[in-house]
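Chemist: below is the sequence, then the predicted model.
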Amino acid sequence: MTPPSPSPPALDRQALRWIAALFVLVMASRLLASHGVSWDQNEQLVWSQQLALGYGPQPPLYTWLQWALGLVLGPSTFAVVLLKNSLVALSFVFMLLAAHQVLPARQAWLAAAGMAWLPGMAWQLLRDQTHTVMLTCAICATWWLLLRQLRQPRPLGFVYLGLAVAWGMLSKYSYLLVAVTLLLACLSIANTRRSLLSRGWWLTPLISIALVAPHAWWVLDHWQAASGATLDKLHPAETSSYLSGLLMGLRDLLAFLLLAVLPWLLMARLSSGRFWQQVTTETDIAPNRNTTPDWLVPLLGRYMALVAGSLALMAFAGAAKFDGRWIQPLLLVFPLYMLARWPAIAQSAKSRKRYLLACLGMLVLVWSLALLAPLRDAKRGKGDRLNWQLDLIANTLRQAGYQGQGMVLAEHHTTGGVMRILFPQAQIVVCDADEPGFHMDCAWQAAESARKQHLPWLQISTEDPAPDAWWWAAWPVDAMLQVQQAELPYRWTDPAHAQMRMNFVVSPAGS
């Protein structure tokens, strides 16, 4: 058995303070900018009304956490913003802990801060994403626990690693690629193989399989709901032949792989010069020799090569379209690899300062763009969901007779999520107006359930009006009430240029 490596140096607590300060700043500015939510977070507000083993094409862990937060904070903008930004902050913390295991203290912070120059992290700050954010956090946690276990193998470490693997698999299915490529990379090196197969190794697969099994059973029973959307994205309808699909897939793959590393390389070049040509002195190399294991650079290099190779095989297997959100989280460890491979990066105090200022500047730039986007759209006369005036929406519906009880039947998750914030006592049911068969299943069953229970209910669509068939689907023949319409101003937008349209039917209790 490989003897344990020396203990890593003390953790840089100043780095943790910086992460905490930025987290508070981001949270405060986001809540001040808008009380609305958009995209995937609206979907989470609807799904988190109850616990289930599965909810759709994504694993359920994010929804479970949103449900738990909802019990404490209610279905609110604060709850969804807190969960998302906590996961972003924890991603930086876990990468700092991972780098702390294998790099000198002054370089460990650089590996974590450098993630700001990875497009995947910047995109997560710009968008109200959910599962990709949790996947990022789970991958960073996995790297920390794996590197710690490889450095000092112990049975309890395999327990933690099993929890991390289960966390990743319940975050996003693409985590499986991370787990498999990490396993193969570790098994390919003698020292890491001995550590990974040391006493208690079986605890990792046992714990991860036990925790993932209930959801895996749900996936087998709901295969189309769990996989259909992802498979459709990988095989777009416009692909005319295998060759054209292959070329499209390889083009996407190459573009996103380059995009995942080029910005960081540019920043490292500007902050550290031609670091790949610099010769470090014995004084500079000594801290790395005492901290960085010999197996680290080969392990990280083989992992990234296996990731790229696996994605290429997917293209040859017929995947005609890739998304940067799927690829970039797989390469979060790239700054750590580069800092271990070339110790000359940010070696001097001056270059470290430039490096950290560049990372801070990128965070500020990206977050400023995210905050200014609703204002920019408002000035252009383009409606933005973050510019919806929630209080005005609620008052309009109350004046029309809906007091927030009973049931809400919405045509899209965007509408449903907003209704969940405004009327937390109501049951929100989303019947997607674009899905075939809504008139036979979802809409009729939801409305009939409300009628049988003598509950008041609201049928509502926002922005583009739902088709007439969607409205009639919830009603018996000749019984439908009048569809009302309201046009409400967006924040900061001239009403003459754009207004938020809302169509709705209010059905009183017992109607």
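Modeler: Nice, thanks for sending it over.
Chemist: and residue 338, what does it touch?
Modeler: Residue 338 is in contact with 264-265, 268, 345, counting by CB atoms under 8 Å, 6 or more residues apart in numbering. Just so you know, the C-beta spots here come from the backbone N, C-alpha and C atoms, and that holds for glycine as well.
Chemist: so which of these is the closest to residue 411?
Modeler: Distance ranking of these against residue 411, using CB to CB, places residue 264 first at 42.1 Å.
Chemist: please, which helix or strand holds the closest one?
Modeler: helix 242-272 (DSSP states H and E).
Chemist: who does that helix touch, helix- and strand-wise?
Modeler: Counting contacts by 3 or more CB pairs under 8 Å, 6 or more residues apart in numbering; DSSP states H and E, helix 242-272 is packed against helix 119-126, helix 296-316, helix 324-327, helix 334-341, helix 349-379.
Chemist: out of those, deepest packed?
Modeler: Neighbour counts (mean count of other CB atoms under 10 Å) averaged over each of the helices and strands packed on helix 242-272 peak at helix 334-341, with a mean of 22.
Chemist: between that helix and helix 296-316, how many degrees?
Modeler: Angle of helix 334-341 versus helix 296-316, following axes from the mean of the first three to the mean of the last three CA atoms, to 10 degrees, is 140 degrees.
Chemist: let me have the contacts of residue 338 in JSON lines, extended by distance to residue 434 and neighbour count.
Modeler: Below are those laid out as JSON lines (distance: CB to CB, whole Å; neighbours: other CB atoms under 10 Å):
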{"residue": "264", "distance to residue 434": "39", "neighbour count": "22"}
{"residue": "265", "distance to residue 434": "42", "neighbour count": "15"}
{"residue": "268", "distance to residue 434": "45", "neighbour count": "24"}
{"residue": "345", "distance to residue 434": "49", "neighbour count": "25"}
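Chemist: how many residues are close by the nearest residue to residue 278 once chain neighbours are set aside?
Modeler: Of all residues not flanking residue 278 in the chain, residue 344 sits nearest, at 3.9 Å (CB to CB, 6 or more residues apart in numbering). For residue 344, the count of nearby residues is 20 (other CB atoms under 10 Å).
Chemist: next: residue 206.
Modeler: With other CB under 10 Å as criterion, residue 206 counts 13.
Chemist: surely it and residue 161 touch.
Modeler: No. Using CB atoms under 8 Å, residue 206 is not in contact with residue 161, being 11.2 Å away.
Chemist: for the chain, which spans come out with low pLDDT?
Modeler: Along the chain, the parts satisfying pLDDT under 70 run over 1-10, 124, 126, 226-240, 279-290, 436-440, 510-511.
Chemist: please list the outside residues in contact with the top strand by length along it.
Modeler: The longest strand of the chain (DSSP state E) is strand 499-507. By CB under 8 Å, 6+ apart, the surrounding residues in contact with strand 499-507 are 383, 388-389, 393, 396-397, 400-402, 447, 450-451, 456-466, 471, 480-490, 493.
Chemist: which of those residues are buried? Put it as a ChimeraX command.
Modeler: Buried residues among the contacts of strand 499-507 (16 or more other CB atoms under 10 Å), as a ChimeraX selection:
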select :383,388,389,393,396,397,402,447,450,451,456,457,458,459,460,461,462,463,465,466,471,486,488,489,490,493
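Chemist: taking the contacts of strand 499-507 one by one, which sit in helices?
Modeler: Among the contacts of strand 499-507, DSSP state H puts 393, 396-397, 447, 450-451, 471 in helices.
Chemist: out of those residues, who's nearest residue 304?
Modeler: For the ones in helices among the contacts of strand 499-507, the nearest to residue 304 is residue 393 (47.3 Å; CB to CB).
Chemist: check contacts around that closest one.
Modeler: 418, 422, 488, 502.
Chemist: if you rank the residues you listed by neighbours, which is first?
Modeler: Result: residue 418 is most packed of those (other CB under 10 Å), 26 neighbours.
Chemist: list the contacts of it.
Modeler: By CB under 8 Å, 6+ apart, the contact set of residue 418 is 36-37, 42, 388, 390, 393, 462.
Chemist: show me how this protein divides into domains.
Modeler: According to automatic domain parsing, the chain comprises the domains 13-371, 385-507.
Chemist: what about the strands in the stretch 401-511 of the chain?
Modeler: Using DSSP state E, counting those that start in this stretch, the strands of the stretch 401-511 of the chain run over residues 407-410, 427-430, 457-462, 484-489, 499-507.
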